[in-house]
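Peer 1: Mind folding the following:
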Amino acid sequence: MKILTSKLLNTAALTLSFGVLTLASAQAETAPTVSTSENEKLGVQLGVNLRWNNSAYDLDDNDVSVLPSIFFDNGKYYARGNQIGTYLVNDGSNEVLAFVQPGGPSFDPDDAKGDLAQLDERKWSGLVGASYMRTTPIGGFKAQLSTDVAGRSDGTVARLSYLAKLTPGKWTIYPSAGLEWVDSNYNEYYYGISQKEADKTSLDRYKPDSSISPYISVNGTYAINKDWDLFLGQSVNFLADEQRDSPMVDSRVDYKTTLGVLYQF
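Peer 2: Numbers count the residues shown, from 1 in each chain. Here you go, the predicted model:
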């Protein structure tokens, strides 16, 4: 086992597809390290991944999608899956980022049944945020804050995370765990039932407060050769009571599984 070094921490990100994560999401915290050897002068990884999302929403079908991935990091600007940003501070022990990314779950009433099929669609939001990470001998500790600027939820999301790195053989594994706080605007958009929706269904109006919930993720890459990497990811988000009590939800857990390949240029 190796403790995550500052250089490798600076290239970690959790989200590895166009969409969240939940985290997620979701949220970019661990990712493959982009090589910049002589044979890979561009320092870019491009790939494709298959993502299976078992949503906590009460839907008939799980969401399966094939999505592109890109990773680039030149020490000043970066692209990590669905997050694009810039380094404001990057001194080896302290990292401050500014970023944009999509965020939040999605609810398609066409995939629902009964009264839920008459609800309005919930779409991903466009998030703008900043994060601070402190690298220590026992891993990385990260605080992140973002807010919706797409005018959908107008919500705010905050995360506290711990990140580490393991390197067994050709594997590079990034475990992460933390807590996520979301405000009432976020919960009302993604889990609330408006009065308009209640009037046209048999559902009661539901207006949730802000909430705090835990999440964990494990992402790993396997070096097939000097050009190709295999990626596996698993994220698990545990819904808070304010979210679980929504008539739209039938599970306490929302999890995503990702399988993909990356080519290094």
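
Peer 1: separation between residue 174 and residue 87?
Peer 2: According to CB to CB, to the nearest Å, residue 174 and residue 87 sit 19 Å apart. Bear in mind the C-beta positions are built from the backbone N, C-alpha and C, glycine included.

Peer 1: These two: which has the busier surroundings?
Peer 2: residue 174 (25 against 17; other CB atoms under 10 Å).

Peer 1: Please name the bridge partners of the more buried one.
Peer 2: Counting by DSSP bridges, residue 174 is bridged to residue 219.

Peer 1: I figured it was touching residue 218, is that so?
Peer 2: Yes. Between residue 174 and residue 218 there is a contact under CB atoms under 8 Å: 7.3 Å.

Peer 1: residue ranges of the helices in the stretch 51-200 of the chain, please?
Peer 2: Assigned by DSSP state H, counting those that start in this stretch, the helices in the stretch 51-200 of the chain fall at 184-191, 195-199.

Peer 1: nearest to residue 246, of those?
Peer 2: Of all the helices of the stretch 51-200 of the chain, helix 184-191 sits nearest to residue 246, with 3.9 Å by CB to CB.

Peer 1: List the contacts of the closest one.
Peer 2: Around helix 184-191, the neighbours that count as contacts under CB atoms under 8 Å, 6 or more residues apart in numbering are 104-105, 107, 122, 148, 152-157, 206-211, 242-243, 246, 248-249.

Peer 1: what's the average pLDDT for that helix?
Peer 2: Confidence for helix 184-191, expressed as mean pLDDT, is 98.

Peer 1: Alpha carbons of that helix, in CSV - could you do that?
Peer 2: This file holds the C-alpha atoms of helix 184-191, laid out as CSV (Å, rounded to 0.1, in the frame of the first residue of the first chain):
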residue,chain,number,x,y,z
SER,A,184,-33.3,22.9,0.5
ASN,A,185,-33.4,24.3,-3.1
TYR,A,186,-31.5,21.3,-4.3
ASN,A,187,-33.7,18.8,-2.5
GLU,A,188,-36.9,20.6,-3.4
TYR,A,189,-36.1,20.4,-7.2
TYR,A,190,-34.8,16.8,-7.2
TYR,A,191,-37.0,15.3,-4.5
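
Peer 1: hmm, back to that, tell me which of the contacts of helix 184-191 fall in strands.
Peer 2: 148, 156-157, 211 (DSSP state E).

Peer 1: For the residues you listed, which single residue is the most surrounded?
Peer 2: Of those, with other CB under 10 Å as the count, residue 157 tops at 25 neighbours.

Peer 1: ok, how many other residues are close to residue 114?
Peer 2: Residue 114: 11 surrounding residues under other CB under 10 Å.

Peer 1: distance of it from residue 244?
Peer 2: 19 Å.

Peer 1: Same question for residue 217.
Peer 2: Here residue 217 is placed at a distance of 20 Å from residue 244 (CB to CB).

Peer 1: Compare the helices of the stretch 51-200 of the chain and give me the one nearest residue 43.
Peer 2: Shortest distance between residue 43 and these, using CB to CB, is found for helix 184-191: 35.0 Å.

Peer 1: roughly how far out does that closest one sit from the chain middle?
Peer 2: On the basis of CA atoms, centre = their mean, to the nearest Å, helix 184-191 sits 18 Å off its chain's mean C-alpha point.
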